[in-house]
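> Prediction below, plus the sequence it came from.
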Amino acid sequence: MTGTTETTGTTRVGAPGGVGESPLRPDGILKVTGEFAYGSDLWMDDMLWGVTLRSPHPSARILKVDITEALRTAGVFAVLTHDDVPGQKHFGLEHQDQPVLAVDVVRYQGEPVALVAADHPETARQAAKKIVVDYEVLEPVVDARKALLPDAPQLHPHGNLVRHVRIRTGDPHPSAEVVVSGDYEVGMQDQAFLGPESGLAVPDGTGGVDLYVATQWLHVDQRQVCAALGLGPDRVRLRLAGVGGAFGGREDLSMHVHGCLLALHTGKPVKMVYNREESFFGHVHRHPASMHYEYGADRDGRLVYARATIHLDGGAYASSTPAVVGNAGTMGLGPYEIPNIHVDCYGAYTNNPPCGAMRGFGSVQTAFAVEAIMDKLAEAVGLDPVEIRVRNGFHEGSTAPTGQVIDSAAPVAELVQRLRAMPLPPDDGGELDLRRLPGGVANTTHGEGVRRGVGYAVAYKNVAFSEGFDDYSTARVRLAVVGHEPVVTVHTAAAEVGQGLVTVEQQICRTELEVERVVVAPKDTQVGSAGSSSASRQTYVTGGAVRAACQSVRRTVLARAAQRLGVDAATLRLAGDAVVDDLGAVAVTLADLLGTDEVEDTVEWRHRPTYPIDPETGQGNAHVQYAFAAHRAVVDVDVELGLVKVVELACTQDVGKAVNPSAVVGQIQGGSTQGMGLALMEEIQIVAGRITNPSFTDYLIPTILDTPPMPIEVLEYADPHAPYGLRGVGEAPTISSGPAVAAAIRAATGLDLRRVPIRPEDVTGTR
Amino acid sequence: MDFLSPTSLPDALAARAEHPGAVPIMGGTDVMVELNFDRHRPPALLDLTRVSELATWDRVGDEIRLGAGVTYSRVIAELAAELPGLALAARTVGSPQIRNRGTVGGNVGAASPAGDSHPALLAAHAEVELSSLTGVRRVPAAEFYTGPKRHAGRPDELVTAVWVPAATGPQQFSKIGTRNAMVIAVAALGLALHPEQRSVGTGIGSAGPTPLRARDAEELLAAELDWEGRADVPDPVAEEFGRLVAAAASPIDDVRGTAAYRRHALAVMARRCLAWAWAEAQGREGPRRGEG
């Protein structure tokens, strides 16, 4: 970390490895040595393998399913269809509109139709091919805007509109001296996590099931699995399997119900693991967007009004589209003060692959439009890209489009000014190194056609769940003495998906209880819900719950000591293996005080409440906290071939408090790379509802040779409402990096590029 | 699926004759992808990794005999001077792990129009050595590729080597991908100057059903280059060369790029490769080995 400012509380509180330090991850060594067990490594000796038969068609009626031949295959134990779903046949995060197994119709290519369990995965795959499904193929609806026209085929009983968010403030018919507008498009990005969907369902012999699964939110899975199986939560127990990345793609169910159905049907453990191709069909993607934006400003570049119409393609099922529309609608105008606002944001059903949660969640798409429009405005009024953002950017006390007053730091101006102050990378005139040029070692240029460009972008994003959602987490903390050494055990259901929450849980316990040795219990449903590992929220919300549970345990221990010693508890504190008095002298050791007792408490913890927005005006205190980040991208573009080398991607971000500084930087590096990937290459290509690149051969994500140096400045302006003053970190850098890269490419080429990913065809006029 | 693993070339050829449906496998970087996607389910795999004769190269007169089992990594490390175009192409293949496994022989046998070796082999006037129990023959690369993933070898033959004339002039290779490493070619171009014959070789990848030569472009350059005096290439000649290279391609629109972009990019790469190669011929710039 460089240039850290406004650091709060730098003196150490608690045991080593506490809040504000960067201790080793408990799973770190296993992961880097390849020994960590991921969901796909689950194994039981007598287990069966489950596979899913999926629809080849984006839209079709199912006339008949014949499982006879499949069932006759030697080694096959079960072939199941929707007839075998004992409970509710539909599931979903917000609307229960998605069938566990297709019922009479299929609405996207890849929709699960039937399941097979066999004693070998190859046997199961071959048997699945013997299931005969008669389809009446229908013309798919593949355009989100057309899907909302009155004459479009209706894909669901309640129509094709999933949600429409309106924001209306100020003058409904504003005018301005300077007006800029544009139409922008964002392609469908994939989370591209490296660990495919996987899990193992183990029947308990009494009609219940234990499911080990790689997921993001155990309890929302449990609720949906219970509904589909018709079982109570005591009969369906979930435990987190090793998760190889998530990024939103594991919020929805994948193999969860399927594995349990097969396990309960056969009485045997059933493992399911998708291969890479199936994974592209097995989870939701980022919504593609088409957006029309118009901003009006005075001659000084101060915004007067904004109009935006945003269409998000939700695909075949709702998933989290309503919440994504909420984000894109309420935050779709960027972190800028605008007095007169008119926004319409729509989420629509189509026959494209279902879209839902992905890192940045609605804000990524709109940021491409907003930041392009702001650059256009800067040009129109003769300001540079930094100045236009300084002049209009949010600050503490600004009013967001929802009418919500921002009541903690919102340092937009400082973020971009700090970026501008960073030295620019040298314009390499030195010795030829192909790795530094667009095209890399593929030897497409030795400098010919290469133009440099610089671009800026800012992002803001809500942290945690919004719009009145009861967003809480549960933590159980236990202090005991084991072999004369105090040991804390922390138990939450919060999914560790790679972000490092397990480390953060340990750090908080060390700081609050002054005990170095902290054991993280396995993540399961034996403790209350922690909410989702989504929305940059776990350090905030589960961190808050762990802190509160620690504080409760501390109070109990000190009260017990005070009683034993006959002193006021307020004069005592914890210090390592003892309770000490206000002079720091040992009052009683924990071994003496506790003996074989354990002190344990379980706490449910909530952040400040949020509220729904008004359906007509979009007004309301919908969000609990905002995260802010900004990027400056420096690119070299081969303008003749349309190839891009990102030379440097600098980031400034306010994190409130860096609970784990090295994890914070890791999140910024990863998020920046993922956002850059969307600007340059990452797109699920769809033709007539069908994915044409479901593999890492043709769905490209940045390699290390595409990933530039990233100077990062982390600011720590404490949010007084949040635990330790922290802000969620993971998403904001994903939002501003892509728009900064796109801006830099526009600057290098002089082209008004309006669609991402920007393909070589767009730069060379050969699309 | 049977797994045949001969340990000598005669055994391998015998196995090939006995099991014409068996798919030869060397590094597996192509074959295993096909199997994993369940695109093919061959009755047998013919593993050639234990046939040590295949993993060698020799200089024979003016030619390099490159055994089919020599990996890309070895081509880069051991043959950059003799086969600079092929070494440049080898550098663009996949990741270090893929280059350690993948072989030029496997690339030739797979005969994908997107294979990275082909443009360099075509430009260098290479020949493919095909062996069977009945004998050994050599097929010019320009006649070897007969269709998408199809070639002139018979079911009883194995690709045992490629014969590549050692470079006598500058060679270049350029490949478009939409990221800066580990990418399948959107379009690729190989160029070799053969000063002693006053001829030019070209090879086009990923822009037609097979790897292609741009014969008109070759003839233009052979006629127009100032082989004696090494005078600069006039701009109109370079432009026309690029145009003819693009015209020789027959690309399609697909998930990796449009036909229009492929033609455009080929023309740009052709002009640039010519400029680099001719600069080297003029002694203005040394061959660019050892980069990257």
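Received, thanks. If you're wondering where the values come from, they're calculated on a predicted model, not measured in any experiment.

> ok, the residue lying closest to residue A:614 once chain neighbours are set aside - contacts?
Closest residue to residue A:614 apart from its sequence neighbours, by Cβ to Cβ, 6 or more residues apart in numbering or on different chains: residue A:620 at 5.8 Å. C-beta: built from backbone N, CA, C; applies to glycine. Listed by Cβ atoms under 8 Å, 6 or more residues apart in numbering or on different chains, the contact partners of residue A:620 are A:402-404, A:467, A:611-614.

> redo that, cut-off 7 Å
By Cβ atoms under 7 Å, 6 or more residues apart in numbering or on different chains, the contact list for residue A:620 reads A:402-403, A:611-614.

> Would you show me how to pick out the buried ones of those in PyMOL?
Here is the PyMOL selection string for the buried members of the contacts of residue A:620, based on 16 or more other Cβ atoms under 10 Å in any protein chain shown:
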select buried, chain A and resi 402+403+613
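
> from the contacts of residue A:620, which is closest to chain B?
Of all the contacts of residue A:620, chain B sits closest to residue A:402, with 38.7 Å by Cβ to the nearest Cβ.

> What pLDDT is listed against the closest one?
With respect to pLDDT, residue A:402 scores 98.

> and it, which of the three is it?
Three-state call for residue A:402 (DSSP: H, G, I helix; E, B strand; the rest coil): coil.

> so what pLDDT did the one residue in the stretch 1-150 of chain B that gets nearest to chain A get?
As assessed by Cβ to the nearest Cβ, chain A sits closest to residue B:92 within the stretch 1-150 of chain B, at 4.6 Å. As predicted, residue B:92 sits at a pLDDT of 97.

> again, but for residue A:1
41.

> which ones are touching the residue of the stretch 101-250 of chain B at minimum distance from chain A?
Closest contact between the stretch 101-250 of chain B and chain A, by Cβ to the nearest Cβ, is at residue B:180 (3.4 Å). Applying Cβ under 7 Å, 6+ apart, we find residue B:180 in contact with A:439-440, A:645, A:703, A:705-706.

> farthest-separated two in the residues you listed?
Greatest spacing in the contacts of residue B:180, by Cβ to Cβ: A:439 and A:703 (13.2 Å).

> higher neighbour count, these two?
residue A:439 (26 against 14; other Cβ atoms under 10 Å in any protein chain shown).

> which ones are touching the residue nearest to the more buried one when sequence neighbours are not counted?
Excluding the flanking residues, the one nearest residue A:439 by Cβ to Cβ, 6+ apart is residue A:643, at 4.7 Å. Counting by Cβ under 7 Å, 6+ apart, residue A:643 makes contact with A:438-439, A:444, A:760.

> Repeat that for residue A:719.
A:408-409, A:625, A:656, A:725, A:727.

> That one falls within a helix, correct?
No - counting by three-state DSSP, residue A:719 falls outside a helix, being coil.

> Please report the distance of the residue nearest to it when sequence neighbours are not counted from residue B:256.
Distance criterion Cβ to Cβ, 6+ apart; nearest residue to residue A:719, sequence neighbours excluded, is residue A:408 at 4.2 Å. Computed with Cβ to Cβ, to the nearest Å, the distance linking residue A:408 and residue B:256 is 47 Å.

> The two - which one has more neighbours?
Remark: of residue A:408 and residue B:256, residue B:256 carries more neighbours, 22 against 18, as counted by other Cβ under 10 Å.

> wait, the more buried one sits on residue B:187?
No - using Cβ atoms under 7 Å, residue B:256 makes no contact with residue B:187, being 9.0 Å away.

> can you pull the buried residues of stretch A:675-689?
Counting neighbours by 16+ other Cβ under 10 Å, stretch A:675-689 gives A:675-686, A:689 as buried.

> list the contacts for the residue of the stretch 1-150 of chain B closest to chain A?
So residue B:92 contacts A:441-442, B:116, B:175 (Cβ under 7 Å, 6+ apart).
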